[in-house]
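>>> Just to be clear, the model below is a prediction. Sequence and coordinates:
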Amino acid sequence: MKTAIQHMVCPRCVESVEQIIDGLQLPVESVELGEASFKRKLSDQEKEEFSQKLSEKGFELSQDREEELVSRVKSSLLKYMNHLEEVENPKKLSVFIAEEMNLNYSYLSHIFSESEGQTVENRFIELKVERTKELLSYNKWTLSEIAWKLKYSSVQYLSNQFKKVTGMTVTEYRAMAKKNRKSLDEI
């Protein structure tokens, strides 16, 4: 997996980047002017640490077009979550993202799946389940109200998705969340 690095202009730059990679114990194959090749895709945390260490030495990770598109799709998914909750008849996910990014959804979906190892739709399901957890923690809405708010076709569909993603039922989650929550005077 090649990663482009800006501002590498001399052999000392290569040595400096090699030292950073060694210090972070990243799975490197080679380092050349302007790029480093890794044996596998770096995790988000590894990439963030690598980027930070590079910038401390005057270098910069260069995002390629695909990385930029994936990042924009992720941002669009968060915007879509707001759209979903705020609009009575929301647009379809694919239409919203295509319009937001002004690109073909099939193309974006393919790039996203290749990069992230999951579909855009599956990522959005994970976001909806996380939002469901958040709404449950407020103890303000019933599960029916949450299903309606997040545009699930039924409470049963929400419950099934929740169990599939978390491995537990909504009832089990609520019990666990209550058990793990501390009152303010205990803190």
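In hand now; what should we look at? Numbers count the residues shown, from 1 in each chain.

>>> who's in contact with stretch 57-65?
Applying Cβ atoms under 8 Å, 6 or more residues apart in numbering, the contact partners of stretch 57-65 are 3-8, 13, 16-17, 20, 47, 50-51, 54, 71. C-beta: built from backbone N, CA, C; applies to glycine.

>>> any idea how far Thr132 lies from Ile21?
Noted for Thr132: a distance of 40 Å to Ile21, by Cβ to Cβ, to the nearest Å.

>>> still on that earlier bit, which ones among the contacts of stretch 57-65 map onto helices?
13, 16-17, 20, 47, 50-51, 54, 71 (DSSP state H).

>>> Which among those residues count as buried?
13, 16-17, 20, 47, 50-51, 54 (16 or more other Cβ atoms under 10 Å).

>>> List the buried residues for the helix or strand containing Ala147?
Assigned by DSSP states H and E, Ala147 falls within helix 143-149. Buried residues in helix 143-149, counting neighbours by 16+ other Cβ under 10 Å, are found at 143, 146-147.

>>> Present the buried ones among the ones in helices among the contacts of stretch 57-65 as a markdown table; the columns should include pLDDT.
Putting those into a markdown table (pLDDT from 0 to 100) gives the following:
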| residue | pLDDT |
| --- | --- |
| Cys13 | 90 |
| Ser16 | 95 |
| Val17 | 95 |
| Ile20 | 96 |
| Lys47 | 89 |
| Phe50 | 94 |
| Ser51 | 92 |
| Leu54 | 94 |
